[in-house]
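Asks: pasting a predicted model and its sequence here:
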Amino acid sequence: MLEYRIDRRSGMATYLQIVQQTKQALRLGLLVPGDKLPTAREVVEATAINPNTVLKAYRELEREGLVEARRGLGTFVRKSLGAAPADSPLWAELADWARRASDSGLARDDAAALFTAVLDAHFKGDDA
């Protein structure tokens, strides 16, 4: 089951972190159509955030057509995103790169900024 990680120092709204992490799980194939998202109560217990924040995130995902709420049953994935499965050969290459970045003393945010700059250079005009 998907476990959300909330970074209170990120400057990103908590509900957007949930939306972003759900979309990432959809892109990696960790969530597939038919999968059930954690209940708001489960997310609250794991992260100590307000239940309304979780519901706001789930409503946003529903508005985008990615999930659907089924009364009394929960929230379920309707469709997947992208084609970057977690078992892709690129995963190992990226993991190796991240390990080298960390070993060289690069902070997580600095590695993320570097990676984002490279993505921006190679995926111009792609708003996925």
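Replies: In hand now; what should we look at? Numbers count the residues shown, from 1 in each chain.
Asks: please count neighbours and contacts with C-alpha atoms only from this point.
Replies: OK.
Asks: which residue, other than its chain neighbours, is closest to the residue nearest to the spatial centre of the chain?
Replies: Centroid check for the chain by Cα atoms, centre = their mean gives Gln21 as the closest residue, at 1.6 Å. Excluding the flanking residues, the one nearest Gln21 by Cα to Cα, 6 or more residues apart in numbering is Tyr4, at 6.9 Å.
Asks: that neighbour: what's it in contact with?
Replies: Applying Cα atoms under 8 Å, 6 or more residues apart in numbering, we find Tyr4 in contact with 18, 21, 43, 46-47.
Asks: tell me the phi and psi of the residue of the chain most remote from its centre?
Replies: Farthest-out residue of the chain from its mean C-alpha position, per Cα atoms, centre = their mean: Ser104, at 26.3 Å. Dihedral angles of Ser104 (phi, psi; degrees, to the nearest 10) stand at phi -80, psi 0.
Asks: which stretches in the chain count as helices?
Replies: Taking DSSP state H to define them, one finds helices in the chain at 14-27, 40-47, 51-63, 89-103, 108-122.
Asks: in the fourth one, what's buried?
Replies: Going by neighbour count (16 or more other Cα atoms under 10 Å), the buried part of helix 89-103 is Ala98.
Asks: can you show me the CA trace of it as CSV?
Replies: The C-alpha coordinates for helix 89-103 follow below in CSV (Å, rounded to 0.1, in the frame of the first residue of the first chain):
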residue,chain,number,x,y,z
PRO,A,89,16.7,-0.7,-16.3
LEU,A,90,16.9,3.0,-15.9
TRP,A,91,16.0,2.6,-12.3
ALA,A,92,19.4,1.0,-11.5
GLU,A,93,21.3,3.7,-13.4
LEU,A,94,19.5,6.5,-11.6
ALA,A,95,20.0,4.7,-8.3
ASP,A,96,23.7,4.5,-9.0
TRP,A,97,23.8,8.2,-10.0
ALA,A,98,21.9,9.1,-6.8
ARG,A,99,24.3,7.0,-4.7
ARG,A,100,27.4,8.7,-6.3
ALA,A,101,25.8,12.1,-5.8
SER,A,102,25.2,11.4,-2.1
ASP,A,103,28.7,9.9,-1.7
